[in-house]
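[1] return atomic coordinates for the entry below.
(chains A and B)
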Amino acid sequence: MAVVVKTYEPKFWDRFYLPAILKGLAITLTRIFVRKDTILYPEHKHVPAPGYRGLHRLNKHADGRIKCVACEMCATACPSNCITIEPSAAPWDDGEERYPIKFEINLLRCIYCGFCELACPKDAIELTEVYDFANYTRDSLVIDMDGLLEVYEVTSQGSIYTRQNAGQPVKVAQQL
Amino acid sequence: MIDMFELLAIIIKVLVVFAGTLVGIMIMTLAERRVAGFIQYRLGPNRVGFGGMLQPIADGLKFFSKEDVIPGQANRPLFLLAPLAVMIPALMTFAVIPFGAPMEIAGRVVKLQVADINIGLLYILALTSIGVYGLVLAGWSAGSKYPQLGGLRSSAQLISYELAMGLAIIGVIMISGGLTLNQIIAYQQETGWNIWKQPIAAFIFLITIYAETNRLPFDLTEAEQELVGGYHTEYSAFKFAMFFLSEYANMITAAAFMVCLFFGGWDVPFIDEAALGGWGVLLSVASFLGKTAFFLFLYILVRWTLPRFRYDQLMRLGWKFLLPLALLNVFLTGLVLAVKG
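    Numbers count the residues shown, from 1 in each chain, chains lettered A, B, ... in the order given. Coordinates of the predicted model:
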């Protein structure tokens, strides 16, 4: 079947370009009064959609115990090898035999793919919505277990950006 | 014997015009960035003092504190001369433009114009063309490819728009019968603005002042996407700022020139400024500033609307469209004047 190709025949006025130019000027002129998309960052922060993959956190049980059992499935699943776990025998006696004594994530190596989250059998590691954790040194961007648990404390009470935009100062991961 | 009153008046006028131009440039640099932002759904610079109002001062400080690099392959004297050759004519041009109705102080009439010379029109045309020499010099003396191409384009651009520009003005000179801007404005006060009598000339002139000031859609000499900034590629720090300032100074002058030629200068329609005394003067200055601001705004709007003309397209527009149109306009004007007698 033949395809009909639409050809553009310039009309008389098109040759002067002026109608088109005036139309263009009208468009840019009206855009001046359109609502702007800019978010004034430090004062007002973008709230990411649910499912956004940002800074990691380590979840806790309701009694405050860490959910992680140091199975190292996340570290195995990690494509960029950014998770370092040091397991140890658990001090508690309820079938969970291991727990981490060291849990480090190199945030600069991490590609925020979320595979660790998927691999975790205990829903212990999770990616949060936190995105503004830039810092000055490489060392400071290796987050340790205390930091990850602190992120949990801060982010488990609803979106921190919604709270920050409402004027409540929330600082994520103090030691970062 | 120099009249002390005259001298004082001239010094004050020079200072006012000079400071006014510089303030205008500052406002323009800020306005350009803010309006550009608004057009692109952004806010533009809004951090430096009072919602971004002090941004031009911050920019100026930055230019002062930057390292001033002179390339090794540059022709040093010419490289140093070029920014001056652009800046000085740019700041001088405004001298002949009347920015308000004549003022009466202590029984003496003071014209709100730095110099009322009898060939004001030619003076402006000459000085704006001299500015282009600066661009060509800058392009050539830097001794690198992109500036050279920019300088070449600048000279090619000059010959393609300047004829049409001159011919467009000839129409105005023919009907108003004078080369001084005061005469042209007085003529427009009597018989209405020239835009109604010379619409073709106004149209051509509007297009050519964009070429004259190297603004989009005719900024072939800068063309940052293809020529990396063109003639000022190798310039840095305050020398770059001088090019920048003179571009905006030229824009202000060109807009004011446009207002004087076709939109009655400081004339406020249906009002006799002379009868109102001091308020009339104030009103006329406000009217002049308002009209000039409108054309400056149009500059910005056009810049963020139209794409750049290609080199050959500019030539074709200048030689095959604007020049014949301008000649036709001169012919028609002559015809009408002859028939009217």
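
[2] quick check: mean pLDDT across the helix or strand harbouring B:Met174?
    Using DSSP states H and E, B:Met174 falls within helix B:145-176. If you average the pLDDT over helix B:145-176, you get 85.

[3] so how far is that helix from its chain's centroid?
    13 Å (CA atoms, centre = their mean, to the nearest Å).

[4] following it, which helix or strand comes up?
    helix B:181-191.

[5] measure how buried the residue in the stretch 151-300 of chain B positioned nearest to chain A is and give me the count.
    Going by CB to the nearest CB, chain A is nearest to B:Leu298 of the stretch 151-300 of chain B, at 8.3 Å. (Each C-beta comes from the backbone N, C-alpha and C, glycine too.) B:Leu298: 16 surrounding residues under other CB atoms under 10 Å in any protein chain shown.

[6] that one belongs to a strand?
    No. Counting by DSSP: H, G, I helix; E, B strand; the rest coil, B:Leu298 falls outside a strand, being helix.

[7] near chain A at all, the lengthiest helix in chain B?
    Ranked by number of residues, the top helix in chain B under DSSP state H is helix B:4-39. Yes. Helix B:4-39 lies within reach of chain A by CB under 8 Å from any CB of the partner chain, at B:Val35, B:Gly37, B:Phe38, B:Ile39.

[8] show residues contacting the following helix or strand past that helix.
    Following helix B:4-39 in sequence order, the next helix or strand is helix B:55-65 (DSSP H and E). The contact list for helix B:55-65 (CB atoms under 8 Å, 6 or more residues apart in numbering or on different chains) reads B:25-27, B:29-30, B:33, B:45, B:47-49, B:237-238, B:240-241.

[9] out of those, who's nearest A:Val142?
    A:Val142 lies nearest to B:Arg47 out of the contacts of helix B:55-65, by CB to CB, at 32.7 Å.

[10] just give me the neighbour total for the closest one.
    Count around B:Arg47 with other CB under 10 Å applied: 11.

[11] what about the spatially closest residue to it that is not a sequence neighbour, distance to chain A?
    For B:Arg47, ignoring the flanking residues on the chain, the nearest one in space by CB to CB, 6 or more residues apart in numbering or on different chains is B:Gln55 at 8.0 Å. Distance of B:Gln55 to chain A, given as CB to the nearest CB, to the nearest Å: 16 Å.

[12] and B:Leu328, by the same measure?
    For B:Leu328 relative to chain A (CB to the nearest CB), the value is 15 Å.

[13] which ones are touching that residue?
    Taking CB under 8 Å, 6+ apart, we find B:Leu328 in contact with B:Ile200.

[14] helix or strand for it, just tell me which one.
    Counting by DSSP H and E, B:Leu328 is part of helix B:323-340.

[15] name the residues of that helix that are buried.
    B:Leu323, B:Leu325, B:Ala326, B:Asn329, B:Val330, B:Thr333 (16 or more other CB atoms under 10 Å in any protein chain shown).

[16] and the average pLDDT for that helix is what?
    89.

[17] that one to helix B:145-176, inter-axis angle?
    10 degrees (axes from the mean of the first three to the mean of the last three CA atoms, to 10 degrees).

[18] which strands or helices does the longest helix of chain B pack on?
    helix A:18-31, helix B:55-65, strand B:108-112, helix B:237-262, helix B:278-303 (3 or more CB pairs under 8 Å, 6 or more residues apart in numbering or on different chains; DSSP states H and E).
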